[in-house]
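Novice: I would like the atomic coordinates for the input below:
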Amino acid sequence: MTKKERYRYVLDYFRARTPEVTTELEFGSVFQLLVAVILSAQCTDKRVNQITPALFERYPDATSMAEADADEIFEYIRSVSYPNAKAKHLVEMARMLVNCHGGEVPDDFDQLLKLPGVGRKTANVMQAVAFGRSAMAVDTHVFRVSHRLGLVPRTANTPYKVEQELLRNVPADDVPRAHHWLLLHGRYVCTSRSPHCSECGLSDVCPKRMEGSRL
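Specialist: Down below sits the predicted model:
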């Protein structure tokens, strides 16, 4: 199977199975999405969704969060991973939005990267989910599944290299959905430990690269 055939097969499978797909994070505005994505780093969406209702009720926008201090935010997010660092980032991020962007989340990739707590993955999620751009966010699930399905070579050994390889081969219209397709496949089927191969509709074309591999 050629690379082009493999991509076509995998993408056709996901298009037929889940033609419409988006993030599992719950939010009511672009600002709230940004907060949720920052909180989701090395943390499950389920956990984030458990704590954000109270957080967003108290701090629904950048203006209200900018007036808080990190200790106040910490009390709402203490059950997520790295709560001290994330509380600090959220306050600093909100203040930068107020001071530099009128309280609104910028849609420019480079401006997003300047915000505290925002890395390339988070900026790409915002580009795709909030602004409908053709951006590919690579988290641990996307990285793992891309390798296991043979969509990227072993030399694509960083999230950035995986991102660039996927962007070269996934049609632009599919890129935002492809991120969620790969992520959700990794979250529920192609799990890190004990992948559910018997439940996978792609098992016939999977190179089985998970065997003996940390990926």
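Novice: any idea how far the closest residue to Gly132 other than its chain neighbours lies from Leu182?
Specialist: Of all residues not flanking Gly132 in the chain, Pro176 sits nearest, at 7.0 Å (CB to CB, 6 or more residues apart in numbering). Just so you know, the C-beta spots here come from the backbone N, C-alpha and C atoms, and that holds for glycine as well. Per CB to CB, to the nearest Å, Pro176 is found 12 Å from Leu182.
Novice: of these two, give the one with the bigger neighbour count.
Specialist: With neighbours defined as other CB atoms under 10 Å, Pro176 and Leu182 compare such that Leu182 has more, 29 against 24.
Novice: so what's the more buried one up against?
Specialist: Residues near Leu182 by CB atoms under 8 Å, 6 or more residues apart in numbering: His141, Val142, Val145, Ser146.
Novice: buried sites along the particular helix or strand that has it in it?
Specialist: Using DSSP states H and E, Leu182 falls within helix 175-188. For helix 175-188, the neighbour count (16 or more other CB atoms under 10 Å) marks 175-187 as buried.
Novice: could you do stretch 32-48 as well?
Specialist: 32-41, 43, 45, 48.
Novice: between those residues, which sits nearest Arg154?
Specialist: Ala41 (25.5 Å; CB to CB).
Novice: can you redo the buried residues of stretch 32-48 as TSV with distance to Pro19, secondary structure and pLDDT?
Specialist: Output for those, formatted as TSV (distance: CB to CB, whole Å; DSSP: H, G, I helix; E, B strand; the rest coil; pLDDT from 0 to 100):
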residue	distance to Pro19	secondary structure	pLDDT
Gln32	26	helix	98
Leu33	22	helix	98
Leu34	27	helix	98
Val35	29	helix	98
Ala36	24	helix	97
Val37	24	helix	96
Ile38	29	helix	97
Leu39	29	helix	96
Ser40	24	coil	94
Ala41	28	coil	89
Cys43	28	coil	88
Asp45	21	helix	92
Val48	26	helix	96
